[in-house]
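Visitor: how would this look folded up:
(2 chains)
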2 protein chains.
Amino acid sequence: MLIVKKFGGTSVADKERIFNVAKRCIEDYRKGNDVVVVLSAMGKFTDVLVQQARDINPNPPKREMDMLYTIGEQQSVALMAMAMDSLGVPAVSLNAFQVKMRTTPAYGNARLIKIETDRIKNELESHKIVLITGFQGVDGMDNYTTLGRGGSDTTAVALAAALHADACEIYTDVEGVYTADPRIVPDAKKLPEITYDEMLDLSSLGAGVLHNRSVEMAKRYGVQLVVRSSLSLAEGTIVKEAVNMEGMLISGVANDKNTARIAVIGLEDQPGVAFKLFNHLANHNINVDIILQSVGRDGTKDISFTVAKDDLKEAVATVERHRNTSLKYSKIDVEENVAKVSIVGAGMMSNPGVAAKMFEALYDAGVNIKMISTSEIRVTVLIDVQQTEKAVNAVHNKFF
Amino acid sequence: MLIVKKFGGTSVADKERIFNVAKRCIEDYRKGNDVVVVLSAMGKFTDVLVQQARDINPNPPKREMDMLYTIGEQQSVALMAMAMDSLGVPAVSLNAFQVKMRTTPAYGNARLIKIETDRIKNELESHKIVLITGFQGVDGMDNYTTLGRGGSDTTAVALAAALHADACEIYTDVEGVYTADPRIVPDAKKLPEITYDEMLDLSSLGAGVLHNRSVEMAKRYGVQLVVRSSLSLAEGTIVKEAVNMEGMLISGVANDKNTARIAVIGLEDQPGVAFKLFNHLANHNINVDIILQSVGRDGTKDISFTVAKDDLKEAVATVERHRNTSLKYSKIDVEENVAKVSIVGAGMMSNPGVAAKMFEALYDAGVNIKMISTSEIRVTVLIDVQQTEKAVNAVHNKFF
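Guide: As a prediction, this is how the structure comes out:
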């Protein structure tokens, strides 16, 4: 069996944890499996690098940021190879250049185009555990790129797809996917299984277990994932195409505090205005989340949307840059103290009234709703960030 | 003009020094020059990495050590590019993969084979300062390699040769090459010029200013070097083919405490014994320095030689591994508390009695000589490490 295992930064934060991961990988190796391991940078090392960079240049060039970031995973894989060697198992570390992990040239937010598998297969054939740097790639001009938040998950899934792996295991510091964040809702339950679509909505809504691009890729290539803890032997949560959840309306309640709302007020009420607005943002690699359009005064319209907090400054600057040229509007309004709370579940497609039940729970708890967005398997509301815990608990109690 | 500038680890040890280096490079850039900068890892970062590695594996695989080491220079060049950007000058950082700096596959002690210059030239044409990781290379299989101690100097000289640079400036924490180590001999004098050969002997004997492989390469390709301080504007020392030193017998007194003596006693007195011994050591990339062979008892012979302290353990293990197979001997004797003291100078070729004058100085100072080795422009003695300062001062006083 060929197994791809991915361990995040906390799992390799120090010597003890590195050996813990090494031993878990060696267990699979000793059973005769081919083992490919994807690692993130150690613990807080990425934060240290960000601090170093900002100290020198508050607005460092993105290409050079990626050049700096990529040393983190290289450190992890090299040290892991040394740990495995000291346990008597041959291992080899490979970075994005050595694998040839080609991406688009979007620094800080690149997408994988192609992964060469020759080198990896050769190393597996010579009975080595292969350790690969997550999160990083190289563009067509040999510049380093990084895949954005949670990019190591994407690396692992892409490798599993490219290598036709039999299993892809994502190790994290929680035991799987829960019906809500256990730190907020003490009686949240671990789900044995979840569909790609539900996981997608959960991860894009801040459940924080898997990066949504990794789930999208898993869905596209049919890579079955297991999310489990690197610190316990508990069974994790399987993420796959279809699950049997008999009558379970929703699979989880998610919350996300990394969000900010931007309202562009008094836009011309003409065709193409929304297109132009979001096209400008897309050109700057800004992911927009909930979008709400409403009629404004005097034949204008207002468009509100949410972005990740990190992108807020650039999103506002982008909109302002096009003021009076391609975008005509009267003002921008920004709200930062907001959070998203969502319910997700394939079951709600065939169950009317799920959204109403959620709104009722929030009403009973005295939580005011600022924006609403729904998909076939998800209902999301934007609320005051102070009320997040109260809202998540109220909704979770209502459904579970 | 195309200028290659190399800065060592102390020159980029912190934010202030990084900006200091950035400004010096930008000065040359603003005058209309093409500027290529080679950097080492920041300050003590390499030591931190070595500590991390040894903590995990006291004897880490050399391939993985190089994988770990190479993150150091990548960090330096990325941060330097950010510093230059913040000063309004476009810069681009390149690592060994991006340049394609091909080396032999000898991890930890690789030799440069070929440097591609296309990428560097393209970046220079688009008016960027090009920042290149020193010390590191990639072998034919895309594995990272490192060039051994002082390897960044070699990188700089090799780049200057490959790019046909007009100048190659090696910045260090001293102002140039001195007649002796100024920390030991207070009235040591800075040399305005020195020949490649003298520099070679000085650097291989522990003067610690330039790595000898970089000087060898400079001599081979006729790259004129300047050694100068990154912290002052003082003129440095020019290293070139021939200098005019009217009557100066020797150009400097060098000392090297990073040495250990191994004596292999009771070897068979047969042809090929020395070849076999040093061939085994060469196969393990162990550089041997002074060699002395003497007649032993009962038709045997003894061979003594010195190696760098780092290589001592492996050298002894290598000799022991071949005992009773290709090497027959009675015992190995190791002495660690030794130092080399040397006089170097093209002038001594035509001046008999230089060696005698050195021995006289040592005799007068009460320093016992353990081994002697000479070349046309150098006399080296091995002494007790405790007597190094006394010996260097005595010899320096005798000649200057």
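Visitor: Using the record's assignment, carve chain A into domains.
Guide: Using automatic domain parsing, the domain parsing of chain A gives A:2-173, A:260-335, A:338-399.
Visitor: quick one, which of those is nearest to chain B?
Guide: With Cβ to the nearest Cβ as the measure, domain A:2-173 is the member of the domains of chain A nearest chain B (3.8 Å). C-beta here means a position set from N, CA and C on the backbone, and glycine is covered the same way.
Visitor: what's the offset of the closest one from the middle of its chain?
Guide: 16 Å (Cα atoms, centre = their mean, to the nearest Å).
Visitor: mind checking the end-to-end distance for that domain?
Guide: 24 Å (Cα to Cα, to the nearest Å).
Visitor: secondary structure element for the most far-flung residue of chain A relative to its centre?
Guide: No residue in chain A sits farther from the centre than A:Asp298, which is 40.8 Å out by Cα atoms, centre = their mean. A:Asp298 is part of no helix or strand, with elements assigned from DSSP states H and E.
Visitor: Return the per-residue confidence for it.
Guide: The model reports A:Asp298 with a pLDDT of 77.
Visitor: which phi and psi does it have?
Guide: phi 50, psi 50 (degrees, to the nearest 10).
Visitor: Of the domains of chain A, which is nearest A:Arg213?
Guide: Taking Cβ to Cβ, domain A:2-173 is the member of the domains of chain A nearest to A:Arg213, at 5.0 Å.
Visitor: how about A:Asn337, what does it touch?
Guide: With contact set as Cβ atoms under 8 Å, 6 or more residues apart in numbering or on different chains, A:Asn337 has these partners: A:Asp384, A:Val385, A:Gln386.
Visitor: what's the burial count for the second one?
Guide: It refers to A:Val385. 17 (other Cβ atoms under 10 Å in any protein chain shown).
Visitor: how much space between it and A:Glu314?
Guide: Separation of A:Val385 from A:Glu314 (Cβ to Cβ, to the nearest Å): 21 Å.
Visitor: the helices in the stretch 201-350 of chain A, which residues?
Guide: A:212-221, A:273-283, A:312-321 (DSSP state H, counting those that start in this stretch).
Visitor: packing partners for the longest one?
Guide: Counting contacts by 3 or more Cβ pairs under 8 Å, 6 or more residues apart in numbering or on different chains; DSSP states H and E, the secondary-structure elements packed against helix A:273-283 are strand A:260-268, strand A:288-295, strand A:300-307, helix A:312-321.
Visitor: Output the domains of chain A in TSV; the columns should cover distance to B:Tyr171.
Guide: TSV is the format used below for these (distance: least, Cβ to Cβ, whole Å):
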stretch	distance to B:Tyr171
domain A:2-173	19
domain A:260-335	38
domain A:338-399	51
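Visitor: Quick one: closest of the ones you listed to B:Val48.
Guide: It's domain A:2-173; of these, that one is closest to B:Val48 (Cβ to Cβ) at 10.5 Å.
Visitor: close to chain B, is that closest one?
Guide: Yes - for a cut-off given as Cβ under 8 Å from any Cβ of the partner chain, domain A:2-173 has contacts with chain B, namely A:15, A:18-19, A:49, A:52-53, A:55-58, A:60-61, A:63-65, A:67-68, A:70-71, A:74-75, A:77-79, A:81-83, A:85-86, A:92-93, A:95, A:97-98, A:119, A:142-143.
Visitor: on that earlier part again, of all the domains of chain A, which one comes closest to B:Ala106?
Guide: domain A:2-173 (17.1 Å).
Visitor: and A:Asp333, how far is that from A:Val295?
Guide: 16 Å.
Visitor: just to revisit the earlier point, now, which of the residues of domain A:2-173 next to chain B lie within strands?
Guide: A:Val92, A:Ser93 (DSSP state E).
Visitor: show me what contacts the residue farthest from the centre of chain A?
Guide: A:Asp298 touches nothing, counting by Cβ under 8 Å, 6+ apart.
Visitor: Could you do A:His396 as well?
Guide: A:Thr179, A:Ala180, A:Val185, A:Asp187, A:Ala188, A:Val253.
Visitor: need the residues you listed in CSV with distance to chain B, neighbour count and pLDDT, can you?
Guide: Listed next are the contacts of A:His396 as CSV, based on distance: Cβ to the nearest Cβ, whole Å; neighbours: other Cβ atoms under 10 Å in any protein chain shown; pLDDT from 0 to 100:
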residue, distance to chain B, neighbour count, pLDDT
A:Thr179, 39, 23, 86
A:Ala180, 38, 25, 85
A:Val185, 39, 21, 87
A:Asp187, 40, 11, 84
A:Ala188, 36, 19, 86
A:Val253, 41, 32, 90
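Visitor: any weak-confidence spans in the stretch 301-400 of chain A?
Guide: Residue ranges of the stretch 301-400 of chain A with pLDDT under 70: A:349-352.
Visitor: Strands of that one, residue ranges please.
Guide: Here the stretch 301-400 of chain A has its strands, by DSSP state E, counting those that start in this stretch, at A:331-335, A:338-344, A:371-375, A:378-384.
Visitor: List the buried residues of the last one.
Guide: When burial is assessed from 16 or more other Cβ atoms under 10 Å in any protein chain shown, strand A:378-384 yields the following buried residues: A:Arg378, A:Val379, A:Thr380, A:Val381, A:Leu382, A:Ile383, A:Asp384.
Visitor: The residue nearest to A:Ala361 when sequence neighbours are not counted: what's it in contact with?
Guide: Among residues not flanking A:Ala361 along the chain, A:Lys398 sits closest, at 3.9 Å (Cβ to Cβ, 6 or more residues apart in numbering or on different chains). By Cβ under 8 Å, 6+ apart, the contact list for A:Lys398 reads A:Lys357, A:Met358, A:Glu360, A:Ala361.
Visitor: Which of those residues fall in helices?
Guide: A:Lys357, A:Met358, A:Glu360, A:Ala361 (DSSP state H).
Visitor: Can you tell me which of those is closest to A:Asn285?
Guide: For the ones in helices among the contacts of A:Lys398, the nearest to A:Asn285 is A:Met358 (31.9 Å; Cβ to Cβ).
Visitor: Just give the number of residues close to that closest one.
Guide: 27.
Visitor: ok, now the one 5 residues further on?
Guide: A:Tyr363: 12 surrounding residues under other Cβ under 10 Å.
Visitor: ok, so what distance separates it from A:Ile383?
Guide: 12 Å.
Visitor: next one: A:Val253
Guide: Taking Cβ to Cβ, one finds A:Val253 at 13 Å from A:Ile383.
Visitor: and if you look at A:Gln98?
Guide: On the measure of Cβ to Cβ, A:Gln98 and A:Ile383 end up 47 Å apart.
Visitor: swap in A:Asn393?
Guide: In terms of Cβ to Cβ, A:Asn393 sits 13 Å off from A:Ile383.
Visitor: now swap in A:Thr133 and tell me
Guide: With Cβ to Cβ as the criterion, A:Thr133 and A:Ile383 are 39 Å apart.
Visitor: cool, and A:Leu277?
Guide: For A:Leu277, the distance to A:Ile383 - Cβ to Cβ - is 24 Å.
Visitor: cool, and A:Met358?
Guide: Taking Cβ to Cβ, one finds A:Met358 at 12 Å from A:Ile383.
Visitor: ok, back up a step: tell me the one of the ones in helices among the contacts of A:Lys398 nearest A:Ile265?
Guide: Checking the ones in helices among the contacts of A:Lys398 one by one against A:Ile265 (Cβ to Cβ), the nearest turns out to be A:Met358, at 28.1 Å.
Visitor: give me every residue that touches that closest one.
Guide: Per Cβ under 8 Å, 6+ apart, neighbours of A:Met358: A:Ile343, A:Val379, A:Val381, A:Val395, A:Lys398, A:Phe399.
Visitor: Including distance to A:Thr259, could the residues you listed go into TSV?
Guide: Formatted as TSV, the contacts of A:Met358 follow (distance: Cβ to Cβ, whole Å):
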residue	distance to A:Thr259
A:Ile343	17
A:Val379	16
A:Val381	12
A:Val395	17
A:Lys398	23
A:Phe399	22
